[in-house]
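# Turn this into a structure:
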Amino acid sequence: MKVLRDYRGIAVRFTDERLAHILSHPEMLEMEREIEKTVAQPEHVVKSRSDAEARLYYRFYPRTRVGEKYLCVVVKVRGTDAFVLTAYLTDTVKKGEALWNEKS
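Numbers count the residues shown, from 1 in each chain. Below is the predicted model:
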């Protein structure tokens, strides 16, 4: 298990089981470093509309196995505990309450 630091300095657990699950998807192969960077240096962070404890960390990558995409890392926050739930590639940043924007 790794402990990542997010853009606010908060400790985020990243378990071997979650990493293996994420990397089992072909488009996510070799994306571990990008997942870590997205948590530490997101371009956008949005509060999930479907889960009040989930935060969606986004960073754009021009080269992935499936072209230009945002990497979304879903971090669950329960009190003082935060952990990576999943990660996936997407075309857009989801709508919801903006918690962080790199440009603001």
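
# Show me what counts as buried in stretch 16-24.
For stretch 16-24, a neighbour-count test (16 or more other CB atoms under 10 Å) marks 18-19, 22 as buried. The way it works is simple: take the backbone N, C-alpha and C, and place the C-beta from them, glycine included.

# can you pull the contacts of Thr64?
Contact analysis of Thr64 by CB atoms under 8 Å, 6 or more residues apart in numbering lists 27, 31, 71, 89.

# Can I get the buried residues of stretch 16-24 in CSV including distance to Thr80 and pLDDT?
Putting the buried residues of stretch 16-24 into CSV (distance: CB to CB, whole Å; pLDDT from 0 to 100) gives the following:
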residue, distance to Thr80, pLDDT
Arg18, 19, 97
Leu19, 22, 97
Ile22, 24, 97
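
# Which element, helix or strand, includes the residue most central in space within the chain?
Closest to where the C-alpha atoms of the chain average out (CA atoms, centre = their mean) is Val73, at 1.5 Å. Element membership for Val73, per DSSP states H and E: strand 69-78.

# who does that strand touch, helix- and strand-wise?
Where contact means 3 or more CB pairs under 8 Å, 6 or more residues apart in numbering; DSSP states H and E, strand 69-78 is packed against helix 32-40, strand 54-61, strand 81-90.

# The nearest residue to His44 once chain neighbours are set aside: neighbouring residues, count only.
Excluding the flanking residues, the one nearest His44 by CB to CB, 6 or more residues apart in numbering is Tyr58, at 4.3 Å. A count of nearby residues for Tyr58, using other CB atoms under 10 Å, gives 21.

# so what's Tyr58 bridging to?
Applying DSSP bridges to Tyr58 gives these bridge partners: His44, Cys72.

# Restricting to C-alpha, output the helix or strand containing Leu4 in PDB.
In the assignment (DSSP H and E), Leu4 maps to strand 2-5. Included here for strand 2-5 are C-alpha records, laid out as PDB according to Å, rounded to 0.1, in the frame of the first residue of the first chain:
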ATOM      1  CA  LYS A   2       1.100   3.500  -0.800                       C
ATOM      2  CA  VAL A   3       0.100   6.700   0.900                       C
ATOM      3  CA  LEU A   4      -0.300   9.600  -1.600                       C
ATOM      4  CA  ARG A   5      -0.500  13.200  -0.700                       C
END
